[in-house]
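J.: Let me see the structure of the following:
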Amino acid sequence: MTKVKVLIVEDDVWQAEQYKRILEKNNYDTEISPHALDAIDRIDNYNPDVILMDILLTGSTAFALMNELQSYSDTSEKPVIICSSVGENLDIENLKKYGVKKILDKAVMHPEDLVAAIRSVS
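T.: The predicted structure follows:
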């Protein structure tokens, strides 16, 4: 069975490494991208099954990246999971047009929430 590939778009290196550790422990293949511009290249080369991203990124915003993903047929169907400290302020209904399937709030989530969210969209 092929491992599900998850691209982690997170500019907090420590947080990104924690996600990577949790996901790899649960048999996911992962790569980390520190910002939106790098993520575009990685998406083209790595071709993830799921994109896990923070909203508040250094430089270009996650919204710019999600808008870019929606403009191409090969990336518009990729499920996006938002994992953010401002998660409680986000409305999933407004974000569905960007491919967002789940929103996790960093302040209250547990490691198993991350795994469950990815499992539910992949």
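J.: Where do the helices of this structure begin and end?
T.: 13-25, 36-46, 62-70, 92-95, 111-121 (DSSP state H).
J.: Which one, of the ones you listed, ends up nearest to residue 79?
T.: helix 111-121 (3.9 Å; Cβ to Cβ). Just so you know, the C-beta spots here come from the backbone N, C-alpha and C atoms, and that holds for glycine as well.
J.: quick one on the thing from earlier: of all the helices of the chain, which one comes closest to residue 5?
T.: Of the helices of the chain, nearest to residue 5 by Cβ to Cβ is helix 36-46, at 6.5 Å.
J.: in that closest one, what's buried?
T.: For helix 36-46, the neighbour count (16 or more other Cβ atoms under 10 Å) marks 36, 37, 38, 39, 40, 42, 43, 46 as buried.
J.: just stretch 19-27 next, same as before
T.: Of the residues in stretch 19-27, 19, 20, 22, 23, 26 count as buried by neighbour count, 16+ other Cβ under 10 Å.
J.: burial measure for residue 92, as a count.
T.: By other Cβ atoms under 10 Å, 12 other residues sit near residue 92.
J.: Check residue 67 too.
T.: The number of residues near residue 67, taken as other Cβ under 10 Å, comes to 12.
J.: Which residue, neighbours along the chain excluded, lies closest to it?
T.: residue 98 (6.9 Å; Cβ to Cβ, 6 or more residues apart in numbering).
J.: closest to residue 2 out of the helices of the chain?
T.: The closest of those to residue 2 is helix 36-46. By Cβ to Cβ, the value is 13.6 Å.
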